[in-house]
Structures are given as structure tokens and as C-alpha cells.
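J.: One predicted model, sequence on top.
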Amino acid sequence: ISLSATTASFYTCAEEPSKLRQIPQRLSATPSLYEILEIPVGSTSQVIKLAYRRLARICHPDVAGNRRNCSSAHAFMKIHVAYCTLSDPEKRAIYDRRILCRRRR
């Protein structure tokens with residue numbers, strides 16, 4: 001899947017607007033799935049799930065609605081891919097090995 005970078009500005013009552021504006025910018029420059037979900041490497045499946053739900057409530061296009069300047073779909077897709085990879089033990093192990101190999105270079 002090829003995703004173009006977008007910048008979105010959206011607001012929910014539970015989050016600070018300036019923090020929300022930074023999410024899409026951070027996602028476009030972040031190589032790590034752990035950084036996308038804002039969790040440390042080695043997080044438990046419960047922590048991964050909680051992080052995904054928190055970010056999904058902010059970035060889901062249906063939630064962002066008319067409160068966005070651009071589509072939040074791109075940011076949500078990255079969050080969803082990170083969750084799908086890190087919540088599956090087999091996919092996560094493959095991803096972690098790939099990161100380890102990349103760091104050794």
C-alpha cells in the first residue's frame with residue numbers, strides 16, 4: 001500500500017488541539033511502528049491495544065469529521081497497520097527481527 005503524506009488538524013474534547021496537530025506530522029516521519037503507537041519496544045499486548053484505541057478515537061476519519069483541515073484517513077491507516085502488526089505475535093516477531101537487523105547496519 002502506497003500512502004501519500006498528509007497533514008491534518010483535528011480536535012476532540014479529550015485532547016489538546018496542539019497535540020492533535022502534531023500526530024499526522026509525526027506519523028509521516030516515523031519509521032517505527034512502536035513510535036506510531038507511542039509505546040516502548042517490548043510493550044504487552046494490552047498496552048498495544050490501549051494505545052491503538054486511544055489513537056483511533058482521535059484519528060479515525062469518522063471521529064475527526066468536519067473538524068479537520070485535511071483527511072485523517074492517512075494517519076489512521078498508519079495507526080491501524082502498526083496495531084495489526086504489533087498485536088499479532090508472529091508478525092511482531094518478524095518486525096522486531098527486521099528492526100534489529102536494521103540497527104546493526
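T.: Happy to help now that I have it.

J.: How about residue 76: what's its closest non-neighbour residue?
T.: Nearest residue to residue 76 in three dimensions, chain neighbours excluded: residue 59, at 4.4 Å (CB to CB, 6 or more residues apart in numbering). Heads up, the C-betas are built off the backbone N, CA and C, glycines and all.

J.: Residue 96: what's it in contact with?
T.: The contact partners of residue 96, by CB atoms under 8 Å, 6 or more residues apart in numbering, come to residue 41.

J.: and the residue nearest to residue 76, how many neighbours?
T.: By other CB atoms under 10 Å, 26 other residues sit near residue 59.

J.: if I look at it, how far off is residue 73?
T.: 9 Å (CB to CB, to the nearest Å).

J.: Enumerate residues external to stretch 41-49 that contact any of its residues.
T.: 34, 37, 39, 51, 83, 86-87, 96, 99.

J.: Just the buried ones among those residues, please.
T.: 34, 37, 39, 51, 83, 86, 96 (16 or more other CB atoms under 10 Å).

J.: Just the pLDDT at the second one, thanks.
T.: Read that as residue 37. For residue 37, the pLDDT comes out at 95.

J.: correct me, but it touches residue 81?
T.: No: here residue 37 does not reach residue 81: they are 10.4 Å apart, not a contact under CB atoms under 8 Å.

J.: shared neighbours of those two, anything?
T.: With CB under 8 Å, 6+ apart, residue 37 and residue 81 have no common neighbours.
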